[in-house]
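K.L.:
Just to be clear, the model below is a prediction. Sequence and coordinates:
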Amino acid sequence: MAWTSFPVDRFQGAIRAPGDKSCSHRALMLAGAANGVSEISGLLEGEDVINTARAMQALGAEVEQTAPKRWRIKGVGEAGLRSPFAPLDFGNSGTGSRLLMGLMAGYDLTAELTGDKSLSSRPMARITDPLKLMGAQFTPEGRDKLPLTLTGRADLTPISYAPKQASAQVKSAILLAGLNADGLTEVTELHATRDHTERMLRSFGVDVSVRPGRGSQNLVSIRGGQSLQAVETSIPGDPSSAAFLIAGALISPSGGVVVEHIMSNETRDGFFQAAGRMGAGLGAEEIGDGAGERLVDLQAATSELKGCTIPETLVAAMIDEFPILAVIAAFAKGETRVRGAEELRVKESDRISAIVAMLRVNGVEVEEHDDGFTVMGCDGPPPGGGLVETRHDHRIAMSALVMGTASQKPVAVDDIAMIATSYPEFLDHMRTLGADIRET
Ligand code: S3P
């Protein structure tokens, strides 16, 4: 059985963006460790985030859904996180597993972490190496993949660490461990990556310092021993999920979409900047603040797109948006080049290879590089007609279905189940805007 997206004449309407996945994970983790009762609204109830909620519960927090998208969490506070009775299953979620390794490392507990096939093939040494330097232990020793068993300790040693990758997950894991280390923990990033951990720690009353380093480096530090205080907060809309709907409007013969309540944060807006360079007609209306983030309603309409070279400085701020960028590049006139994006090889799938295959099977010419790809745009609707192998990757599935709305022939995907990890309302939202997506 496949799911097929048929070409449609119009893609129009207004949608409220689902809660941001990165912020939802972080809110649950910090609330679960905090003193007091936190109230979180607008939480993304995707499978990845629900797995984090279950993990926090297993670690001793009281986690309760009080209404749709509203959650009440009584944190463990001074009592600390405790060893869970069963393995923590993170499903598909790199963010849930990696950030929680960092947080758990600072408590006297032992926990086994597991995940699905995709997560169990993703590298973990980037997290376990710095955490080991701080005093956490991982077994089996020398293993780079889940399943892993972590033993944390309440007296971690602070470190000054420069990760090899520009990765918010690595930075965040170290900062969360640093919360319970004895002194100043510092991370030197190659480039600034998404800063939700820093912002959210501050909203829970923790001081985090951020300053520019040499060149494009970003220095983030945290002093251990600070306690988290419960908050009442609302999660802003997810720009990464919004990008699919915005792209649908840009490539449609008659596109006009407003996605409301999107977080506008420069560490996340690379796709919108790149689309702007390609000639996308985008308009943003500021609507206020939420959870320490600026919020906008973003409008997009049918646009004549032209290819461009994506500046490497934008890569971190659009790291999850390359599959959908590749789709708009297929409709553009001229070449779109992506380099310096080797991290795409270790996402939910090898995304460089999955993107190249997605485009080729739909008649689009594309060249694969070690660290990126070059799309030869079709200057209008690409042929389509392909069956895309999603490789258990939600963003490949959503990108292919968006492509089908405006290709010459329908585009099919082999599976849609994993879309629920990040955007459970995706099909509903796409259909509301006019997409014709059916099981075939
Ligand atoms: C995330 C960071 C990014 C991103 C992921 C979410 C986060 O991963 O791809 O979807 O919430 O910190 P890396 O930090 O590994 O680049």
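P.N.:
The structure has been received and is ready for your questions. Bear in mind that the values here come from a model prediction, so they are computed numbers and not experimental data.

K.L.:
Please name the residues that touch Phe244.
P.N.:
By CB atoms under 8 Å, 6 or more residues apart in numbering, the contact set of Phe244 is Ile324, Met398, Ser399, Val402, Tyr423, Phe426, Met430. In this view, the C-beta of every residue, glycine as well, is placed from N, C-alpha and C.

K.L.:
okay, these in a markdown table with neighbour count and secondary structure next?
P.N.:
Listed next are these as a markdown table, based on neighbours: other CB atoms under 10 Å; DSSP: H, G, I helix; E, B strand; the rest coil:
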| residue | neighbour count | secondary structure |
| --- | --- | --- |
| Ile324 | 27 | helix |
| Met398 | 30 | helix |
| Ser399 | 31 | helix |
| Val402 | 31 | helix |
| Tyr423 | 26 | coil |
| Phe426 | 24 | helix |
| Met430 | 24 | helix |
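
K.L.:
Am I right that Glu141 is in a strand?
P.N.:
No - looking at Glu141 with DSSP: H, G, I helix; E, B strand; the rest coil, it is coil, so not inside a strand.

K.L.:
near the ligand, which residues of the stretch 51-200 of the chain?
P.N.:
Thr95, Ser167, Ala168, Gln169, Ser172, Arg194 (CB under 6 Å from any ligand atom).

K.L.:
Domain map for this structure?
P.N.:
3-19+236-439, 21-234 (automatic domain parsing).

K.L.:
What segments of the stretch 51-200 of the chain are helices?
P.N.:
Ranges of helices within the stretch 51-200 of the chain are 94-105, 125-134, 168-178, 196-203, based on DSSP state H, counting those that start in this stretch.

K.L.:
Distance to Ala31, mean neighbour count and mean pLDDT added to those, as a markdown table?
P.N.:
Output for the helices of the stretch 51-200 of the chain, formatted as a markdown table (distance: least, CB to CB, whole Å; neighbours: other CB atoms under 10 Å; pLDDT from 0 to 100):
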| stretch | distance to Ala31 | mean neighbour count | mean pLDDT |
| --- | --- | --- | --- |
| helix 94-105 | 12 | 27 | 98 |
| helix 125-134 | 22 | 20 | 98 |
| helix 168-178 | 13 | 27 | 98 |
| helix 196-203 | 10 | 21 | 96 |
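
K.L.:
Below-threshold pLDDT in the stretch 251-400 of the chain: ranges please.
P.N.:
Within the stretch 251-400 of the chain, no stretch has pLDDT under 70.

K.L.:
List, one by one, the residues from it near the ligand.
P.N.:
Counting by CB under 6 Å from any ligand atom, the stretch 251-400 of the chain sits next to the ligand at Ile319, Asp320, Glu343.

K.L.:
show me where the stretch 251-400 of the chain has helices.
P.N.:
Counting by DSSP H, counting those that start in this stretch, the helices of the stretch 251-400 of the chain are 270-277, 322-331, 351-360, 394-404.

K.L.:
Dump the ones you listed into JSON lines; add distance to Gly372 as well.
P.N.:
Shown next, in JSON lines, are the helices of the stretch 251-400 of the chain (distance: least, CB to CB, whole Å):
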{"stretch": "helix 270-277", "distance to Gly372": "13"}
{"stretch": "helix 322-331", "distance to Gly372": "8"}
{"stretch": "helix 351-360", "distance to Gly372": "7"}
{"stretch": "helix 394-404", "distance to Gly372": "16"}
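
K.L.:
nearest to Gln217, of the ones you listed?
P.N.:
Set against Gln217 and scored by CB to CB, the helices of the stretch 251-400 of the chain come closest in helix 270-277, at 18.4 Å.

K.L.:
what's next to the closest one, contact-wise?
P.N.:
239-240, 243, 246-247, 250, 280, 282, 298, 305, 308, 310, 314-319, 321, 324-325, 328.

K.L.:
Report the angle between it and helix 322-331.
P.N.:
10 degrees (axes from the mean of the first three to the mean of the last three CA atoms, to 10 degrees).

K.L.:
just how off-centre is helix 270-277 within its chain?
P.N.:
17 Å (CA atoms, centre = their mean, to the nearest Å).

K.L.:
got the CA coordinates for it in PDB?
P.N.:
Provided in PDB are the C-alpha atoms of helix 270-277 (Å, rounded to 0.1, in the frame of the first residue of the first chain):
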ATOM      1  CA  GLY A 270      17.300  29.500   7.300                       C
ATOM      2  CA  PHE A 271      14.700  28.000   5.000                       C
ATOM      3  CA  PHE A 272      12.600  31.200   4.900                       C
ATOM      4  CA  GLN A 273      15.800  33.200   4.200                       C
ATOM      5  CA  ALA A 274      16.900  30.700   1.400                       C
ATOM      6  CA  ALA A 275      13.300  30.700  -0.100                       C
ATOM      7  CA  GLY A 276      13.500  34.500  -0.100                       C
ATOM      8  CA  ARG A 277      16.700  34.500  -2.000                       C
END
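
K.L.:
Could you list the buried residues of that helix?
P.N.:
Using 16 or more other CB atoms under 10 Å as the test for burial, helix 270-277 gives Gly270, Phe271, Phe272, Gln273, Ala274, Ala275, Arg277.

K.L.:
Now distance to Lys409 too, for those residues, in JSON lines please.
P.N.:
Shown next, in JSON lines, are these (distance: CB to CB, whole Å):
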{"residue": "Gly270", "distance to Lys409": "30"}
{"residue": "Phe271", "distance to Lys409": "26"}
{"residue": "Phe272", "distance to Lys409": "29"}
{"residue": "Gln273", "distance to Lys409": "31"}
{"residue": "Ala274", "distance to Lys409": "27"}
{"residue": "Ala275", "distance to Lys409": "24"}
{"residue": "Arg277", "distance to Lys409": "29"}
